[in-house]
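Colleague: this one's structure only:
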């Protein structure tokens with residue numbers, strides 16, 4: 001059985017992202033999955049983070065038989081601003097990961113990483129190969145970072161990698177400048193789970209009552225979402241309902257939408273429950289504003305929407321959405337958004353629904369991971 005060590009940027013619980021989807025589907029592989037570390041000052045900003053300071057001392061958790069999940073030790077802050085701090089952090093991380101590898105009998109595993117910061121740890125971890133899976137333009141997130149430093153660390157990591165994957169074409173093109181083997185593999189969908197929303201489902205108790213059309217948005221309510229389009233439509237069509245399923249990211253002001261009686265914020269729901277909510281909706285929304293981050297993102301929600309067969313209204317960004325232009329409705333302004341929402345209400349013929357479902361099937365995580373594994377097997381990495 002192949003041995004894989006995953007240095008992730010997302011904790012295994014509670015929200016499944018590309019990292020969990022890929023690791024859980026690798027065939028004939030034993031996986032050690034390391035949640036990203038928190039900083040030593042994290043509890044100053046979030047008191048709920050205090051228990052996480054000691055999580056690294058706990059035994060590993062096994063979400064499935066071949067996967068063990070560990071927390072990493074806490075790290076010094078400002079590692080995205082100063083390279084010397086990152087090097088100190090990553091050496092500690094490398095020692096911890098190497099210790100866990102020895103405990104599991106991992107001699108020279110495939111090291112599979114998702115963070116530019118690991119450019120400074122990978123050389124301290126015994127490995128047979130290095131895979132970098134790039135899921136975002138990390139330097140576009142803002143906050144306490146030096147974007148140029150983050151970009152430099154990422155390029156350093158890509159140079160060292162035996163294989164590089166990227167979720168968006170612009171990301172892939174950039175990484176190909178230092179590693180010609182880089183391949184574009186978009187995100188995908190848990191097809192079988194979200195396909196269930198194409199059939200009648202029990203109505204959740206907290207789903208808002210009403211008779212008008214329902215539009216749903218699934219995902220983190222973060223800064224790069226185009227909220228103005230929804231506000232405009234919600235005011236123009238008070239009989240419509242807009243349902244939001246996801247957590248509100250700190251610093252995002254949603255007061256204008258929260259003041260509207262036809263906008264309903266239900267919060268984060270377990271992934272396995274989402275099809276029950278989406279099944280009650282008439283259409284799904286994929287709305288990103290124009291920014292460096294949204295240009296290069298590969299939205300999980302979009303592929304999940306396709307699997308449901310529901311009509312979709314989307315902004316023109318990210319650019320990979322445009323390849324689906326014949327099967328969805330694209331709006332570049334608030335006026336176009338209102339018109340698109342009107343149009344999707346009659347875009348529910350069996351032919352159109354089945355076409356979207358088939359696109360979702362082709363975009364399944366099973367298909368994406370099979371692509372990755374085929375490439376890595378040809379290279380004798382897996």
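Modeller: Right, received. Where do you want to start? Bear in mind that the values here come from a model prediction, so they are computed numbers and not experimental data.

Colleague: and residue 229, how many neighbours?
Modeller: The number of residues packed near residue 229 is 24, by other CB atoms under 10 Å. (Glycine included, C-beta is placed from N, CA and C.)

Colleague: just checking, it touches residue 334?
Modeller: Yes: between residue 229 and residue 334 there is a contact at 4.9 Å, judged by CB atoms under 8 Å.

Colleague: Quick check: which element contains the residue at the greatest distance from the centre of the chain?
Modeller: The outermost residue of the chain, judged against the average C-alpha position, is residue 211 (33.0 Å), by CA atoms, centre = their mean. Using DSSP states H and E, residue 211 maps to neither a helix nor a strand.

Colleague: What segments of this protein are helices?
Modeller: 18-23, 42-45, 83-103, 147-160, 169-175, 191-195, 227-236, 255-258, 274-278, 292-296, 300-308, 334-344, 350-362, 365-378 (DSSP state H).

Colleague: Please identify the most buried of those.
Modeller: helix 300-308 (a mean of 27; mean count of other CB atoms under 10 Å).

Colleague: Show me what the mean pLDDT comes to for it.
Modeller: Average pLDDT, helix 300-308: 95.

Colleague: residue contacts, residue 345?
Modeller: By CB atoms under 8 Å, 6 or more residues apart in numbering, the contact list for residue 345 reads 213, 282, 283, 311.

Colleague: what's the most distant pair in the residues you listed?
Modeller: 213 and 311 (10.5 Å; CB to CB).

Colleague: Just want to know which of the two has more residues nearby.
Modeller: residue 311 (25 against 17).

Colleague: Do you know the pLDDT at the more buried one?
Modeller: Per-residue confidence (pLDDT) for residue 311: 98.

Colleague: and what of residue 293?
Modeller: Model confidence at residue 293 (pLDDT) stands at 68.

Colleague: I'd like the helices of the chain as CSV, with distance to residue 219 appended.
Modeller: As requested, those are exported to CSV (distance: least, CB to CB, whole Å):
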stretch, distance to residue 219
helix 18-23, 13
helix 42-45, 23
helix 83-103, 29
helix 147-160, 23
helix 169-175, 19
helix 191-195, 13
helix 227-236, 13
helix 255-258, 15
helix 274-278, 10
helix 292-296, 12
helix 300-308, 5
helix 334-344, 17
helix 350-362, 16
helix 365-378, 17
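
Colleague: With respect to residue 203, which of these lies nearest?
Modeller: helix 274-278 (7.6 Å).

Colleague: which residue packs closest to residue 199, ignoring adjacent ones?
Modeller: residue 279 (7.2 Å; CB to CB, 6 or more residues apart in numbering).

Colleague: separation between the one you found and residue 297?
Modeller: Distance of residue 279 to residue 297, given as CB to CB, to the nearest Å: 26 Å.

Colleague: more neighbours, those two?
Modeller: Legend: neighbour count by other CB under 10 Å for residue 279 and residue 297, higher for residue 297 (25 against 21).

Colleague: Check what pLDDT that one gets.
Modeller: So, for residue 297, pLDDT stands at 80.

Colleague: Name the nearest residue to it, sequence neighbours excluded.
Modeller: That would be residue 318: by CB to CB, 6+ apart, it lies 5.0 Å from residue 297.

Colleague: Over to residue 355?
Modeller: residue 327 is the one closest to residue 355 (CB to CB, 6+ apart), at 5.6 Å.

Colleague: elements contacting the worst-scoring helix or strand of the chain on mean pLDDT?
Modeller: Least confident element among the helices and strands of the chain, by mean pLDDT, DSSP states H and E: helix 292-296 (a mean of 73). With contacts taken as 3 or more CB pairs under 8 Å, 6 or more residues apart in numbering; DSSP states H and E, helix 292-296 sits against helix 169-175.

Colleague: Measure how far the helix it packs on is from the centre of its chain, please.
Modeller: Relative to its chain's centre, helix 169-175 lies at 17 Å (CA atoms, centre = their mean, to the nearest Å).

Colleague: Show me what that helix is in contact with.
Modeller: Applying CB under 8 Å, 6+ apart, the set of residues contacting helix 169-175 is 132, 134, 136-137, 154-155, 158, 164, 166, 182-184, 295-296, 319-320.

Colleague: Could you point out which residue ranges in the stretch 151-300 of the chain have low pLDDT?
Modeller: Residues of the stretch 151-300 of the chain that meet the criterion pLDDT under 70 lie in 293.

Colleague: Span of stretch 268-278 from start to end?
Modeller: 14 Å (CA to CA, to the nearest Å).

Colleague: any chance of the contacts of residue 345 in JSON lines, plus distance to residue 173?
Modeller: Formatted as JSON lines, the contacts of residue 345 follow (distance: CB to CB, whole Å):
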{"residue": "213", "distance to residue 173": "39"}
{"residue": "282", "distance to residue 173": "37"}
{"residue": "283", "distance to residue 173": "33"}
{"residue": "311", "distance to residue 173": "31"}
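
Colleague: Tell me which of the residues you listed fall in strands.
Modeller: residue 283 (DSSP state E).

Colleague: of all the contacts of residue 345, which comes closest to residue 50?
Modeller: Nearest to residue 50 among the contacts of residue 345, counting by CB to CB, is residue 283 at 41.6 Å.

Colleague: OK, contacts around the closest one?
Modeller: Taking CB under 8 Å, 6+ apart, we find residue 283 in contact with 213, 214, 215, 216, 310, 311, 312, 313, 341, 344, 345, 347.

Colleague: Please work out how many residues are found near the second one.
Modeller: The tally of other residues near residue 214 (other CB under 10 Å) stands at 20.

Colleague: quick one: it from residue 369, how far?
Modeller: Using CB to CB, we find residue 214 at a distance of 33 Å from residue 369.

Colleague: Now do the least confident helix or strand of the chain: everything it contacts.
Modeller: With CB under 8 Å, 6+ apart, helix 292-296 has contacts from 136, 137, 140, 141, 168, 170, 171, 224, 288, 317, 318, 319.

Colleague: redo that, cut-off 6 Å
Modeller: Residues from elsewhere that reach helix 292-296 (CB atoms under 6 Å, 6 or more residues apart in numbering): 137, 140, 168, 170, 171, 224, 288, 317, 318.
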